[in-house]
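In: Mind folding the following:
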Amino acid sequence: MNETIKFPEPDEVLKEKPSIRKYIKYLAFFGPGAIVASVTIGQGQLILGPQIGAWAGFKLLWLITLSVASYIIAYVGCRFMLLSGINIMDLFAIKTKRGFLNWLFIAIIFIFTPLFIAAIVTTMGETMAWIIGKGHYLFWGILFCLLAAILAIVGRYKLVEYSQAFFVAVLAIGAIISVILLKPDLLDILPNYFMIGNVPEYPEWVVREFPSVAEKPVPLIMLGYLGTLTLTIITIVSYSGWIKVKRWGIFKDNDNPDEFSQKLFSIFRKKGKITYLSEDEKEIKKSRILLKPVIVDMAIAFTIVAIASSAYMIAGAYLLGPQPDGTYRLPSDVNLLKEQAVIFSNIAPWLKPLYQISVFFALFGTVYGGFEAVSRMLYETSKSVSKKIRNLPYRKCMFYLLIYMLVTGLPLAILGYYGLSIILMLSITLLFIGVFGVIIYGIAAIYMSQKFLPEKYKMSKIMLAAAIASVILMMVPFLFFVI
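Out: Numbering: from 1, shown residues only. Below you'll find the model as predicted:
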């Protein structure tokens, strides 16, 4: 391989002058972001979102604004790979003591994905039992979880990408229609997106009527919900793998991006630094243009997640909580989904089936896309610290991991039937994979990117400041545990 490489020519649309037509064409770059959005829009939006809206109103909408920080952190890691061709997880493997960060992320996956499977089996099962009107929810949950696992194994990336785009569209459209028909007061809502740090207490009716909800600290609920909104450590690392599948950045027009990445990594290991990137201004300019597909893809994903999440929280604020007849509606472990049906059916009876379809696609999309994302994340994280994984084909690695998740997750779902809190399991899981993990990844990715990229390829001062600010923003909810 030559000492200096040239970047491939960017797509023509990326070089066109700004125009509406150009930005419409940009929609073609929406790919991995569809998986991210589908995996993100799931139980958190369907359960925690309306529940928070019911007792907090619009006061915690700022958590949605805060979640953009995870996309900036994800972009830092992706940017490094798009420019250098090296997965930053490979860098972590050799630049942290005995690959400490890799093993930490692997441990998080093995500990918390079974909890995630238990939660998704429960909510998926309850949805199907409710829609069909008969059958035990555990039967339906296990059945559709197994179906998603089979599809993940036999399908290919394109199937995952296209199906997730469809799931996202159904869910987002359903949520948006419901809120539009409510005719919300935007002047009352919009300021809450920027009131960062506004933390309400549980109202008296929650403490009185729903003590099992009120016993959970508000900061824990906030962190759990933030975890549902953010890119998690799973989707962030998976995204790096999807970059190669999409052949974006330095991988454009490359027939074997995995092999190419390993060659570049080998050069880095021998020399201890990146020496193969050109200092020529034309090449640097091309490299920056090649970053745009990921920026577009992530921006679309964040927009969809933010709109859908807002819709469910706003609908919860309007339609759940205290009712005109003196009763109270609040989703709980006992009745996770039926209470939310009011979000649609109270507006118009014909909207209830739309809600049921939205719920099904959201949950099935989460588990189907999640299987691909978890497998890809584990593979990308462990192949640099484990020779056995490195020599194992990706599909076989996925097969073994799915068996582990099902064997450990399904018994936990059964324990949920006997009283184990599904919302608590979901909150703790998302706290670790969606907040703790992202903060740790962000700190390491910023440091490694600025340390090992050649000077002309490093982040600008503005981009670096935004990245550091993003890590700090992700830490904000933790402050309320000590205040």
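In: Tell me how many other residues surround Leu138.
Out: By the criterion of other C-beta atoms under 10 Å, Leu138 has 18 neighbours. C-beta: built from backbone N, CA, C; applies to glycine.
In: ditto for Tyr441
Out: Neighbours of Tyr441 (other C-beta under 10 Å): 27.
In: Would you agree it is in contact with Ile236?
Out: Yes. If you go by C-beta atoms under 8 Å, Tyr441 and Ile236 touch, sitting 6.1 Å apart.
In: what is in contact with those two at once?
Out: Ile73, Gly77 (C-beta atoms under 8 Å, 6 or more residues apart in numbering).
In: Strands along this structure, start to end?
Out: 321-322, 328-329 (DSSP state E).
In: Remind me what the last one packs against, helices and strands.
Out: When contacts are defined as 3 or more C-beta pairs under 8 Å, 6 or more residues apart in numbering; DSSP states H and E, strand 328-329 sits against strand 321-322.
In: next one: the strand it packs on to chain centre, how far?
Out: 30 Å (C-alpha atoms, centre = their mean, to the nearest Å).
In: ditto for stretch 276-288
Out: 31 Å.
In: Average pLDDT for it, rounded please.
Out: Average pLDDT, stretch 276-288: 91.
In: Residues contacting that stretch, please?
Out: Everything outside stretch 276-288 that qualifies as a contact, by C-beta under 8 Å, 6+ apart, is 1-10, 82-84, 249-250, 264, 267, 454, 456-457.
In: Show the buried residues in the residues you listed.
Out: If you count burial by 16 or more other C-beta atoms under 10 Å, the buried members of the contacts of stretch 276-288 come out as 5, 7-8, 10, 82-84, 249-250, 264, 267, 454, 457.
In: how about low-confidence regions in the stretch 151-300 of the chain?
Out: Judged against pLDDT under 70, the low-scoring parts of the stretch 151-300 of the chain cover residues 155-161, 163-164, 167-168, 170-172, 174-175.
In: All the helices of it, in order from the start?
Out: Counting by DSSP state H, counting those that start in this stretch, the stretch 151-300 of the chain has helices at residues 157-182, 186-189, 204-209, 211-214, 218-229, 233-246, 257-271, 281-289, 292-319.
In: by contact count, what packs against the last one?
Out: Secondary-structure packing of helix 292-319 (3+ C-beta pairs under 8 Å, 6+ apart): helix 32-40, helix 49-56, helix 62-66, helix 68-84, helix 157-182, helix 218-229, helix 342-345.
In: count of neighbours near the residue nearest to Leu48 when sequence neighbours are not counted?
Out: Sequence neighbours aside, Tyr225 is the residue nearest to Leu48 in space, at 4.8 Å (criterion: C-beta to C-beta, 6 or more residues apart in numbering). By other C-beta under 10 Å, the residues close to Tyr225 number 29.
In: List the contacts of Tyr225.
Out: Per C-beta under 8 Å, 6+ apart, neighbours of Tyr225: Gly44, Leu48, Gly49, Ile52, Leu60, Leu63, Ser427, Leu430.
In: Tell me how far it lies from Glu455.
Out: 40 Å (C-beta to C-beta, to the nearest Å).
In: Phe100 too?
Out: 28 Å.
In: go on, Asn102?
Out: For Asn102 relative to Glu455 (C-beta to C-beta), the value is 27 Å.
In: which one of these two has more residues nearby?
Out: Shown here are Asn102 and Glu455; by other C-beta under 10 Å, Asn102 has more neighbours (23 against 7).
In: ok, so of the contacts of Tyr225, who is nearest Asp185?
Out: Lowest distance from Asp185 to the contacts of Tyr225 (C-beta to C-beta) belongs to Leu60, with 17.3 Å.
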